[in-house]
Each structure stands twice: as structure tokens, then as C-alpha cells.
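> Give the three-dimensional model of this entry:
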Amino acid sequence: MRINRYFLLGIVLLLLLGSFLAIGVMSSRRAMLDLIREQARSLLSVVASTQENLIFAEARLEDEFIDKLIGVCDYIDVRPMPVDIENIRRSFGFNSIVIFDAGSMQRIQSAGVPIQIPDRIFTQSDPISFEYFDFGNKKLMRFVYVVAKRIYQIEVPADEIQGFRTEFGINKIINIISMNPMVEYLVLQDREGILFATPSVQTLSRIDDDPLLMQVIENRIETSRIEKFNEQKILELARPFVVEDELVGIFRIGISLDNYNHHVRRTEGQLIILFAILFCAGFVLFLLFMNYQSYINIKELFDRTLGAVEDGVLLVNRKGIINGVNKMFCSLSGYDESMLIGKQYDSVLINDPFDFHKVQGEGRKVADEKSLFGRELQYATYPLPDKSQKIIGTITILHDISRIREFEKEREEAERLVFLGNLVANFAHEIKNPLNGLSIAVQRLIREFTNEDEEYKRITRSLKKEIDALNKIVNDFLVLARPRMREKASFRISAALGKVKESVEHQLREYSIALDLSIEDDAQLIGNADDFQRALLNILLNAIDAVATVEDRPREISMLLKKSNQGAVLAIADNGVGMDADEKQRIFSQYFTTKKSGTGLGLYIAQKIIKDHGGMIKIESEKNHGTKFAITFEKA
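Numbering: from 1, shown residues only. Next up is the predicted model:
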């Protein structure tokens with residue numbers, strides 16, 4: 001009787017323990033699935049917020065680009081024809097500009113060679129239109145602007161927008177997320193098909209063929225399910241992607257259940273061992289173990305998944321306690337995780353920088369940009385509702401836009417420099433015209449109105465020298481203001497040397513300088529021949545100045561062009577006054593000169609032009625023993 005009683009008691013206890021075991025297993029599975037579902041929901045929130053911000057940022061960049069093109073067209077439109085649009089095209093780096101008469105559709109003026117002129121530009125109803133197209137390996141934009149009497153078409157490189165998409169586009173985020181071993185796929189699709197997806201996706205069900213996805217579209221709700229993908233079960237979460245109340249498509253993310261299955265198998269094994277060893281205390285230990293194991297898995301899943309996202313994530317519960325951050329948030333804020341987790345939000349983050357209280361009270365998303373933690377941050381704070389739509393906390397997504405703002409500042413600075421360059425160029429051209437007139441007049445005085453009076457000769461020579469000095473200053477500033485070389489062609493170095501030698505014949509005769517030009521092996525360069533000649537002329541004029549004051553030896557300059565192991569070497573040497581170590585170190589610096597009337601730009605400009613042509617300058621000099629410039633060009 002007692003045995004039966006104990007047996008029955010044991011059976012009851014075993015049944016109770018088995019029941020609790022079964023309940024624990026089911027609870028663990030449910031908790032793990034809920035955890036994976038929450039992880040997928042958080043990840044989709046990050047991606048959706050990032051994509052929404054990128055859409056607005058790209059649209060703003062595109063609007064600024066279009067405004068610049070409209071400004072150019074308006075500038076041309078208010079001026080009488082013909083307009084020097086070739087200069088405008090080069091200044092702004094356009095591929096082509098074409099102007100048509102709106103009535104007769106005849107071409108009025110053009111600059112550059114347009115890749116295509118579509119017929120639809122003559123019939124479009126909107127005054128402004130643009131489209132992107134590929135030409136070779138470049139991304140271009142075709143912009144059309146219709147005014148009352150004219151139609152403008154501009155073809156321009158879309159490097160800024162393409163660079164923005166490459167640097168900050170959604171594909172970069174997708175590639176980062178695809179590296180997470182728990183994410184099987186991430187897809188944005190509409191009823192037409194897939195808009196973008198991780199590389200692992202080959203085929204996926206269409207929205208119209210899937211009743212569950214149709215329900216997401218029609219009711220704009222979030223749903224989840226367990227599906228098969230690549231012969232294994234995954235948890236799929238589907239959520240509508242809405243931008244400014246317009247449905248863009250559906251985000252679908254598939255999370256691997258390998259960790260879930262591994263967790264379940266491991267937990268069941270542990271519980272069976274506990275069941276066999278611990279009969280009475282096993283139930284309590286089982287619950288403690290399950291709770292502890294669930295906590296570890298939740299933390300691991302949070303750290304591994306959101307830790308791979310490049311945006312900062314902050315979770316705050318309804319009591320204002322911080323209960324989750326990822327590594328990126330710690331990196332952006334400068335706080336250690338131990339300084340945040342479990343702390344009161346208001347005590348750590350003063351003055352509610354992420355609008356937690358506003359979102360908690362109003363139950364709607366708040367997005368803004370602020371300067372925080374020494375960075376420019378763009379953030380969005382979302383309410384986190386439970387199943388009964390009660391707000392149980394918030395999630396804040398931070399995106400560092402400091403580089404974007406720096407990019408915008410650099411672009412504005414570049415535009416300012418272009419404007420200043422054009423201003424300097426125009427000013428220099430205005431000075432150059434009367435200088436040319438003065439130079440011609442002085443040359444005629446010297447050549448045609450001969451006079452034996454020494455004072456007359458001294459004054460005319462001084463006038464010519466000062467006019468030449470002014471002309472050199474103007475030329476230096478013109479070269480400095482000129483934009484980076486755009487048009488390139490093949491030319492021979494020997495031809496450039498010949499023209500440079502002709503340019504200095506009168507200086508050589510005036511100072512009794514012997515110039516030895518030796519071309520052992522000719523070579524070709526790809527670039528701008530005029531710019532290259534300007535660089536050589538600056539170096540040669542510097543050599544002439546160096547030997548002009550030599551009195552104790554013949555005045556000599558040599559120019560030697562020959563082949564080398566690297567390609568070609570051009571050596572320009574003189575036996576002039578030479579330089580000391582300090583002068584040699586600063587010779588290519590802007591505004592450094594040892595001449596009373598020099599600008600300090602000649603050799604700086606020469607070095608810049610040589611570098612643009614793929615060359616490199618080395619200098620050898622010794623005080624009172626001359627100077628040698630060795631210019632090396634690599635093989636083409």
C-alpha cells in the first residue's frame with residue numbers, strides 16, 4: 001500500500017515535472033521566436049529609416065544640382081545672342097550645351113558634341129525635365145529647360161549624385177546586412193517585382209501570388225511566418241514601406257532558425273538531464289535556467305545583429321530606463337555600454353536630445369538633425385507598441401551625417417573657387433590688353449625711333465623690362481586661375497622645346513647667353529601642349545635670370561632630352577648663381593621668390609603643370625655653381 005502510494009506520488013510528481021518540462025520547452029520556443037521576430041522588426045526599422053533618409057537626402061542633392069543648371073540657362077537667356085557658351089560649358093564642366101528656337105525647332109547655338117537630342121524635348125509639356133543615362137563607363141544627366149522662346153538641352157556628368165549613391169546608398173547597407181550569418185535575405189519588392197535584394201536571393205514569391213503579402217499591401221500591417229528558403233526553415237517578417245503616406249513596397253527579411261533549433265535542442269537535452277538527476281528541485285532549477293538562457297540568447301542576438309549595422313540604436317522602456325544600445329551608438333556617443341544599460345535616460349542624456357518624452361507622450365515618430373557628441377547626427381525616434389498598441393518604450397536610430405555635411409561644404413567651396421578663378425581670369429584679361437598695347441608701343445620706340453641719347457635708351461629699356469614683368473605676373477595669375485586641364489591631346493616634347501627656345505631668343509641675345517638644345521631621343525606626351533610649354537618657359541626664364549648676373553665665366557644654359565629606364569628625362573641646367581639649402585627646399589612653394597619683381601608663382605605653376613602631365617621634377621643646385629632641373633616622364 002505504501003509502495004503503491006509512493007509509486008503513485010512518484011508518477012504524479014513525474015507527470016507534474018513532465019508537464020512543467022513540456023510547458024518550459026514550449027515557452028522557450030515561443031520566447032526564442034518572439035526574440036527573433038523582435039530582432040527582425042528592429043533590423044527592418046533601421047533599414048526602413050535609413051532608406052527613407054537616403055531618399056530625402058538624394059532628392060535634396062538632385063534639386064541643388066537642377067537649380068544650378070537652371071541658373072546657367074537663365075544666365076544665358078537674358079543675354080543677347082550669340083553668347084560665348086563654349087566658355088560657359090568649359091567653366092562648369094558640361095559635356096554639351098544646345099539652344100533651340102522654341103517655335104521653329106532650329107538649333108540657335110551649341111557647344112560641345114551632344115550624345116543624343118531626343119525628339120520629345122520639342123513636345124514635352126513640363127518646362128523642366130531630366131533623365132540619367134550611361135555613356136561608356138560614365139553616368140550622365142540630360143537636362144532640358146523650356147522657356148518662352150528657347151529650349152535648352154545640357155548634357156552633364158552626374159558624378160556628384162553617382163558618388164553619393166556609391167558612398168551612402170542602400171546597396172552598401174544591404175551588403176553589410178547580408179554579411180550577418182543570421183540574415184538569409186532582405187528584399188524590398190512591389191507588385192511589379194524586386195526593387196533591391198541581398199545577393200543570396202535568386203527567386204522569391206510575387207506579391208500578387210501570395211495572399212499573406214496581399215494582406216500586408218491592402219491593410220498596411222506587419223506579419224510574420226515560418227517559411228522554407230533554400231531547403232531550410234526560416235522566420236520571415238514582412239512590413240509595408242511607406243514614405244510620406246505613399247506605399248513604396250514591402251520589406252521582407254528572412255532570419256535563419258539555426259540558432260533557434262540549436263537553442264531548442266540544447267535546452268531540451270539539459271532539461272532531460274535535470275529531469276533525471278533532480279526530481280523535486282529540478283523544476284525550480286529548470287525555470288531559472290530557462291530564464292537565464294533566454295536572457296543570454298536575447299543579448300547575444302541583439303549584439304550580433306544590430307552590432308553589424310552602421311547606424312546607432314538606442315532602446316528606452318516606458319519608465320525611461322535605457323535597456324539596449326549597439327556598438328555604433330557607443331562609438332557615436334562616446335559612452336561605454338556599462339554607463340548606459342540600466343541607467344535613467346534623463347540622467348545620462350541631458351535635455352532629452354532624442355525626443356523620448358515627446359514620442360512616448362504623442363505616440364508618433366519624431367525625426368530631426370542635431371549637433372551632438374561633436375558630430376552632425378540625423379536621428380529618428382519611433383514608438384514601440386505592444387500587441388494592444390500600448391506604448392512600452394521607444395527605439396532611436398542615429399545616422400552620422402558629418403561626412404555628408406562636409407561633402408556639401410567642400411562642394412560649396414569648390415563652386416566659390418571656380419567663381420573666384422573666373423573673376424581673376426577676367427580681371428587679368430582686362431589688364432593684358434592694354435599691356436600688349438604698351439609693349440608694342442615701346443618696341444616701336446626702340447626699333448623705329450632710334451635715339452643716341454643714353455637717358456632715352458635707359459628709359460625705353462626700363463619701360464620694356466617693367467612691361468615684360470607685368471605681363472609675366474598677369475600670365476602667372478591666368479595659369480593659376482585656370483581650371484584643371486580638361487582637353488588632352490598627344491604632342492611631342494621636342495616641338496614644345498623648339499617653341500620655348502624661340503620665345504626667349506631676345507633675352508638670350510640681350511644677356512649674351514649660350515643655349516645648347518640637344519634632343520637625343522624624342523618622346524610623346526598626352527596633355528595640353530600650351531600648358532606644357534608654359535611650364536618649360538617658366539623654368540627656362542628662371543635659368544636665364546640665374547645666369548644673367550654672372551660675370552666671371554661664360555653664361556651657359558643647356559636643355560637635354562633623352563630616354564631613361566623610366567621613360568624620358570628632360571634636363572635643364574645652368575651655370576648661374578645657384579641656390580642654398582633653404583632656397584632649394586622652398587623653390588616650388590607659392591609666392592616664394594628671390595627676385596624683387598617676381599610673383600613667386602612661376603615655378604609653383606610649372607611643377608603643377610608637370611605633375612598634371614605625369615611628370616616629376618628633381619632639383620640639384622649649389623650656391624655659385626648653377627642649378628639643374630631633371631624632369632622625368634614615365635613610359636606611356
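> May I ask which helix or strand of the chain has the lowest mean pLDDT?
Every helix and strand in the chain was compared by mean pLDDT, DSSP states H and E; the lowest is helix 282-306, with a mean of 53.
> Could I get the average pLDDT for the helix or strand that that helix is followed by?
The C-terminal neighbour of helix 282-306 among helices and strands, as given by DSSP states H and E, is strand 312-317. Taken as a whole, strand 312-317 has a mean pLDDT of 88.
> Tell me which residues of strand 312-317 come out buried.
Of the residues in strand 312-317, 312, 313, 314, 315, 316 count as buried by neighbour count, 16 or more other CB atoms under 10 Å. Quick note: C-beta positions are derived from backbone N, CA and C, even for glycine.
> could you check the distance from the third one over to residue 382?
Right, the one you point to is residue 314. As judged by CB to CB, to the nearest Å, residue 314 and residue 382 stand 11 Å apart.
> list the residues that contact both of these two?
Residues touching both residue 314 and residue 382 (CB atoms under 8 Å, 6 or more residues apart in numbering): 395, 396.
> In the stretch 151-300 of the chain, where is pLDDT below threshold?
Within the stretch 151-300 of the chain, the segments meeting pLDDT under 70 span 160-178, 202, 263-264, 268, 270-271, 274-276, 278-300.
> which residues touch residue 492?
Residues near residue 492 by CB under 8 Å, 6+ apart: 522, 523, 524, 525.
> out of the residues you listed, who's nearest residue 11?
residue 525 (97.7 Å; CB to CB).
> Once you drop chain neighbours, what's closest to that closest one?
residue 613 (5.5 Å; CB to CB, 6 or more residues apart in numbering).
> Domains in this structure, by residue range?
With domains defined by automatic domain parsing, the chain comprises 2-59+169-297, 79-165, 311-399, 401-481, 484-636.
> Minimum distance to residue 66: which of the ones you listed has it?
Closest to residue 66 of the domains of the chain is domain 79-165 (CB to CB; 6.6 Å).
> After the helix or strand containing residue 507, which helix or strand is next?
Assigned by DSSP H and E, residue 507 belongs to helix 505-510. Downstream of helix 505-510, the first helix or strand assigned by DSSP H and E is strand 514-519.
> Can you give the strand pairings for that next one, parallel or anti for each?
strand 556-563 (parallel) (DSSP bridges).
> May I see the buried residues of the strand it pairs with?
By neighbour count on 16+ other CB under 10 Å, the buried set for strand 556-563 is 556, 557, 558, 559, 560, 561.
> Reformat those residues as TSV; add pLDDT.
Converted to TSV, the buried residues of strand 556-563 look like this (pLDDT from 0 to 100):
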residue	pLDDT
556	91
557	92
558	92
559	91
560	91
561	89
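> got these as a markdown table, with distance to residue 398 columns?
Listed next are the buried residues of strand 556-563 as a markdown table, based on distance: CB to CB, whole Å:
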| residue | distance to residue 398 |
| --- | --- |
| 556 | 69 |
| 557 | 64 |
| 558 | 65 |
| 559 | 61 |
| 560 | 62 |
| 561 | 60 |
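> Tell me the one of those nearest residue 339?
For the buried residues of strand 556-563, the residue nearest residue 339 by CB to CB is residue 561; the value is 67.6 Å.
> if I look at that closest one, how far off is residue 543?
16 Å.
> Could you do residue 196 as well?
When residue 196 is compared with residue 543 (using CB to CB), they lie 61 Å apart.
> can you pull the contacts of the residue nearest to residue 133 when sequence neighbours are not counted?
Spatially, and ignoring its direct neighbours in sequence, residue 133 is nearest to residue 140 (5.7 Å; CB to CB, 6+ apart). Counting by CB under 8 Å, 6+ apart, residue 140 touches 95, 115, 132, 133, 134, 155, 156, 157, 158.
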